[in-house]
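Q: show me the folded form of this:
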Amino acid sequence: MTTSGVVRGQTIDVLNTTSGVVRGQTIDVLNVSIDQFLGIPYAEPPVGRLRFAKPEPTKTPLNLQCLRALDTDDLITSEIGLIFPLTGDQLLPLRAQNAFETMKYNHDIDIMAGVTHDEGSSLSMIVLWKVIKMTLDVFKKCTQEFNDSFYPGIDPDKTNKFYLKGVNTSSESALRRAFYDLTGHLMMTCPTYMFVKQFARNVKANAHNVYFYQLTYVSQVLANLYNCDIATKGVCHATDLLYVFGIPFHMPKIATPDDIRFSRYIMQMWTNFAKYGKPDNNWPQLLANNTINVKDLNPVNTSRVLDNPFHSTCDGFWRDYYL
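A: Below is the predicted model of the structure:
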């Protein structure tokens, strides 16, 4: 049975087959109309006992069939803003903490991980999207919402006390900056750092390489692509991807010369790591000589290494929560 519908201004045909749903659309390529079909149920790869056998049709997962049967608008309106990992199945049988405790994880790998300096300025929108003016009362309510809806057991009172220490609570910008720090440490910086640190501690000496970085630079012209105002939001979440994937080379008209050089430098290190398990000779491993070494990813000084910038936060305040 074939039905027709419209998606984003294009006419599509939907054909229900015994192996799944096939969607089709007509597109114009070089002034020629071409019928394009999506979701065609291809045969399974001929491996194992099927190597020389007749190809068998793929078995479309039931959950995929269920999703395809839904209206697009229903999927959009039902979208969840934040998704957390589910453990206990074949994909992720153990929580990270349990895996480290029981040593049931893949040891034979090298790791390079990192964060941006101001992860929380963007991530905090999960609770700040509805906040017009940040006040002390709003700060506390947002911390409570983190505990009630996303991170149970964080102890809102202790969290507020820690992140409001020395903060001018009459200043909206100071309160926002403090909440950005809270959010970034809780949601991204500390869980990422603590995971990599635990892995490094369990690695046998010189068996595998473990590196960590903190991006402390992004040009304003590139930050604009992420709606990130450096003056108020700092080095926002995911801005490291701009350099990792060579965006300055794709947008040379807006990128600065520093952006291009910095992106080339970063891509070279990422490529070296993928090939050899080592980005360069100047980047020390996270745990070297019993000290915490975090590379300062910044074009102003590419050799600078930070001496445990997470001492009071991840290794201090959040340690018990994540371990």
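Q: so where's this protein uncertain?
A: The chain contains residues with pLDDT under 70 at 1-23, 28-31, 34-52, 55-58, 60-61, 79-81.
Q: now the spatially most central residue of it. Nearest residue, chain neighbours left out?
A: Residue closest to the mean C-alpha point of the chain, counted by C-alpha atoms, centre = their mean, is residue 238 at 7.0 Å. Using C-beta to C-beta, 6 or more residues apart in numbering and skipping the chain neighbours, the partner closest in space to residue 238 is residue 226 (6.7 Å). Bear in mind the C-beta positions are built from the backbone N, C-alpha and C, glycine included.
Q: report the contact partners of that neighbour.
A: Listed by C-beta atoms under 8 Å, 6 or more residues apart in numbering, the contact set of residue 226 reads 122, 236, 238-239, 242.
Q: pretty sure residue 314 contacts residue 194?
A: Yes. The criterion here is C-beta atoms under 8 Å, and residue 314 meets it with residue 194 at 5.9 Å.
Q: name the residues contacting each of the two.
A: residue 322.
Q: now the strands for this structure?
A: 2-7, 10-17, 20-29, 32-38, 111-116, 210-215, 287-288, 291-297, 305-307 (DSSP state E).
Q: quick one: residues in contact with stretch 160-167.
A: Taking C-beta under 8 Å, 6+ apart as the rule, stretch 160-167 contacts 136, 139-140, 143, 174-175, 178-179, 181-182, 317.
Q: how long is it end to end?
A: Using C-alpha to C-alpha, to the nearest Å, one end of stretch 160-167 lies 11 Å from the other.
Q: buried residues in it?
A: Using 16 or more other C-beta atoms under 10 Å as the burial criterion, the residues of stretch 160-167 that qualify are 160, 162-164, 167.
Q: quick check, residue 100 in contact with residue 200.
A: No. Using C-beta under 8 Å, residue 100 is not in contact with residue 200; the gap is 11.1 Å.
Q: check contacts around residue 181.
A: With C-beta under 8 Å, 6+ apart, residue 181 has these contacts: 120, 163, 313.
Q: just give me the closest of these to residue 106.
A: Relative to residue 106, the closest of the contacts of residue 181 is residue 313; by C-beta to C-beta it sits at 28.0 Å.
Q: residues near the closest one, how many?
A: Residue 313: 20 surrounding residues under other C-beta atoms under 10 Å.
Q: re earlier: of the contacts of residue 226 - the most surrounded one?
A: That'd be residue 239 among the contacts of residue 226, by other C-beta under 10 Å, with 27 neighbours.
Q: from memory it sits against residue 221, does it?
A: No. Applying C-beta under 8 Å as the test, residue 239 and residue 221 come out as separate, 11.8 Å apart.
Q: now residue 176: closest residue in space, sequence neighbours ignored.
A: The nearest residue in space to residue 176 (C-beta to C-beta, 6+ apart) is residue 134, at 4.9 Å.
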